[in-house]
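# predicted coordinates and the sequence they were generated for:
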Amino acid sequence: MRVIYRRRPAADAGPQPMGLHALPRPVAVAVGGGGVLGAAQVGVGYALEQRGFVPDLIVGTSVGALNGAIAAAHPGGAAPWLDHVWTHARRREVFPLGYLSSRASVFADRGLRRLIARAGLPSRIEHLEIPFTAVAMDLATGAQVLLDHGDLESALLASAAIPGILPPVERDGRTLIDGGVIAFVPVRAALQAGAASVVVLSTGQKAGPPHPAGPPRRAGAVAARAGLLMLHQQIERDLQEVSQRIPTIVVPTGIDSWPAPWDFGHSQRLIDTASLAAGRFLDGLHVSGPGLYRAENSPAPSWAPSGAGR
């Protein structure tokens with residue numbers, strides 16, 4: 001797999017191209033959302049750990065917050081923990097139907113609470129081994145909320161509170177929901193946290209270019225297509241903005257066929273496929289300053305075509 005990277009002009013006396021271990025510090029890992037598709041992030045985690053990579057900070061959204069918190073708790077050895085979590089999880093355990101005291105969601109969050117409890121995490125964010133931030137959204141104002149201290153469980157529940165699916169979380173006088181609504185791939189939050197470079201772990205078809213399709217004719221299909229396009233545009237906007245300032249590496253998963261976000265039966269396939277694709281990409285990675293670095297089969301930014309000089 002070839003790697004797209006932005007070249008400097010020949011006359012530029014800047015630093016020579018460099019790989020994963022020479023990224024400017026502090027280097028952040030930004031872990032995106034995606035439900036059960038977050039199993040692919042475990043495969044990417046294996047590839048990073050096998051190459052001795054440990055970030056300086058981790059920022060996660062939605063399921064990426066849970067994966068990121070486990071990585072922050074077990075630096076350099078989180079992939080086996082995550083592998084166990086994902087390959088043993090079942091839909092009925094994570095999304096259990098049951099009576100709720102309010103009408104704010106379809107599912108209770110007790111399944112997610114159990115999943116968090118089994119993950120070997122400390123009670124407070126500041127007790128994690130690596131600095132960690134969970135991204136949520138304030139339901140009253142629409143503002144991005146960065147949760148980098150205090151109770152860890154409520155931060156993860158808030159970041160993963162899919163609107164209408166899982167209940168909002170009351171924390172510090174605010175009503176919080178899934179950070180993926182405002183930052184599906186939290187690269188801007190990583191930059192805000194002080195990152196000098198960022199490695200992106202994203203998931204699902206929303207992270208890649210939507211396949212061309214004719215206008216859908218049914219209401220559900222129209223809504224699904226619009227949601228896919230909206231999230232893809234958000235991801236691209238944020239990647240382009242951040243990559244103009246710092247090196248931004250989007251690690252591929254190599255997955256073309258994605259299961260439904262609630263189908264945990266595909267976790268092992270997602271892990272294995274992503275581990276191989278990410279490893280090939282990382283072994284060929286060369287970075288030469290700010291820019292967007294990702295696999296050739298991802299959409300290239302208009303200002304950094306493959307092999308083009310600037």
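Received the coordinates, thanks.

# how about the helices of the protein, start to end?
Under the criterion DSSP state H, the chain carries helices at the ranges 39-50, 63-73, 78-88, 91-94, 110-117, 152-159, 187-192, 219-243, 267-283.

# how far is stretch 115-128 from where the chain is centred?
Remark: stretch 115-128 is offset 19 Å from the chain centroid, using Cα atoms, centre = their mean, to the nearest Å.

# what does it rub up against?
66, 69-70, 72-74, 81, 85, 89, 93-94, 132, 134, 147-153, 155-157 (Cβ atoms under 8 Å, 6 or more residues apart in numbering). (C-beta placed from N, C-alpha, C; glycine too.)

# how does it look with 7 Å?
66, 69-70, 72-73, 81, 85, 89, 94, 132, 147-153, 155-156 (Cβ atoms under 7 Å, 6 or more residues apart in numbering).

# and what of stretch 232-247?
23-24, 183-185, 187-188, 191, 195-198, 202, 206-207, 210, 248, 250, 287, 289-293, 301.

# coming back round to it: are any of the contacts of stretch 115-128 buried, and which?
66, 69-70, 72-73, 81, 85, 89, 94, 132, 147-148, 152-153, 155-156 (16 or more other Cβ atoms under 10 Å).

# which stretches of the stretch 1-150 of the chain have low pLDDT?
For the stretch 1-150 of the chain, residues meeting the criterion pLDDT under 70 lie at 1-18, 89-102.

# the same query, at a cut-off of 50, please.
Scanning the stretch 1-150 of the chain for pLDDT under 50 picks out the ranges 1-16, 101.

# the residue most central in space within the chain and Ala65, how far apart?
Geometric centre of the chain, nearest residue: Gly32, 1.7 Å, by Cα atoms, centre = their mean. Counting by Cβ to Cβ, to the nearest Å, the gap from Gly32 to Ala65 is 10 Å.

# circling back to that earlier point, out of the helices of the chain, deepest packed?
Most buried of the helices of the chain, by mean neighbour count (mean count of other Cβ atoms under 10 Å): helix 63-73, with a mean of 29.

# show residues contacting the lengthiest strand in the chain.
Ranked by number of residues, the top strand in the chain under DSSP state E is strand 132-138. Residues outside strand 132-138 that contact it (Cβ under 7 Å, 6+ apart): 58-61, 65, 68-69, 72, 125, 144-148, 155-156, 158-159, 174, 176-179, 181-183, 186, 189, 193.

# now with 8 Å?
Outside strand 132-138, the residues that touch it by Cβ under 8 Å, 6+ apart are 57-61, 65, 68-69, 72, 125, 143-148, 155-156, 158-159, 161, 169, 174-179, 181-183, 186, 189, 193.

# how about the CA coordinates for that strand, as CSV?
Extracted in CSV, the C-alpha atoms of strand 132-138 (Å, rounded to 0.1, in the frame of the first residue of the first chain):
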residue,chain,number,x,y,z
PHE,A,132,-6.9,11.4,28.3
THR,A,133,-9.9,13.5,27.1
ALA,A,134,-13.4,12.2,26.2
VAL,A,135,-15.4,14.4,23.9
ALA,A,136,-19.1,15.1,24.5
MET,A,137,-21.6,17.7,23.4
ASP,A,138,-23.7,20.0,25.6
